[in-house]
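K.L.:
predicted model, plus sequence, below.
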Amino acid sequence: MADHESGGAWRPDAAPAADESAGQAAPLTKQDFEALARFRFGIRRYLRFSEEVVRDHGLTPQQYQLLLTLKGFPGREWATVRELADRFQLRHHSVVELVNRAQGDGLVEREAHPADGRAVRVVLTPIGQQILARLSTLHRDELRRMEGALVLPAWHDGPDGNAGPPAQG
């Protein structure tokens, strides 16, 4: 399931991001680089914690992500495979494989979609809900411990070196 990343290396001749090409971005300061590095380190620390605790409970990180995505889906607690593929930024067949494995482990089940005969709903089983509740409590507690490490960087791109106004979008 590695199709969530392009796998390509950074190229100096690659097209710039939309806001870079507008020429409006000020160069980053040393403080900006330190803040980005600190934030990236915090993200990686959290992800490593998550991977370890999830595996210690017998799940893969992808299975935990599936359970969390279903429970946290906006407005409902189920999703179609197509919606899951969009959320995971994976191909449809990769999500089908993930759902198949999770269903085989008793974590999720498929139900008929009442409004669309071509689609199926993926829902948590009671076992999946129990495991998710336990793991999510551990994740919440870790995030509370890491509160200072996962603060978005304050940019120093204003005319006086301080954070400038929020970007217009």
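P.N.:
In hand now; what should we look at? Just so we're clear, the structure is a prediction, and the values are computed from it rather than from any experiment.
K.L.:
which stretches of this protein form strands?
P.N.:
78-80, 108-112, 120-124 (DSSP state E).
K.L.:
what's the spacing between stretch 50-66 and its chain's center?
P.N.:
13 Å (CA atoms, centre = their mean, to the nearest Å).
K.L.:
cool, stretch 99-110 as well?
P.N.:
20 Å.
K.L.:
straight-line length of that stretch, end to end?
P.N.:
Using CA to CA, to the nearest Å, the end-to-end distance of stretch 99-110 comes to 9 Å.
K.L.:
buried set for it?
P.N.:
By neighbour count on 16 or more other CB atoms under 10 Å, the buried set for stretch 99-110 is 99, 102, 105, 107-109. C-betas here are computed from N, CA, C, even on glycine.
K.L.:
just send the residues you listed back as JSON lines, with distance to residue 72 and pLDDT too.
P.N.:
What follows is the buried residues of stretch 99-110, written out as JSON lines (distance: CB to CB, whole Å; pLDDT from 0 to 100):
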{"residue": "99", "distance to residue 72": "16", "pLDDT": "97"}
{"residue": "102", "distance to residue 72": "16", "pLDDT": "97"}
{"residue": "105", "distance to residue 72": "20", "pLDDT": "96"}
{"residue": "107", "distance to residue 72": "15", "pLDDT": "98"}
{"residue": "108", "distance to residue 72": "14", "pLDDT": "98"}
{"residue": "109", "distance to residue 72": "18", "pLDDT": "97"}
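K.L.:
kindly export stretch 60-67 (C-alpha atoms) in CSV.
P.N.:
The C-alpha trace of stretch 60-67 is given here as CSV (Å, rounded to 0.1, in the frame of the first residue of the first chain):
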residue,chain,number,x,y,z
THR,A,60,-1.4,-2.2,11.8
PRO,A,61,-1.2,1.6,11.6
GLN,A,62,-3.4,1.4,8.5
GLN,A,63,-6.1,-0.6,10.4
TYR,A,64,-6.1,2.0,13.2
GLN,A,65,-6.4,4.8,10.6
LEU,A,66,-9.3,2.9,9.0
LEU,A,67,-11.2,2.6,12.3
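K.L.:
ok, now how distant is residue 26 from residue 50?
P.N.:
Going from residue 26 to residue 50 by CB to CB, to the nearest Å gives 34 Å.
K.L.:
so these two - more neighbours on which side?
P.N.:
residue 50 (18 against 13; other CB atoms under 10 Å).
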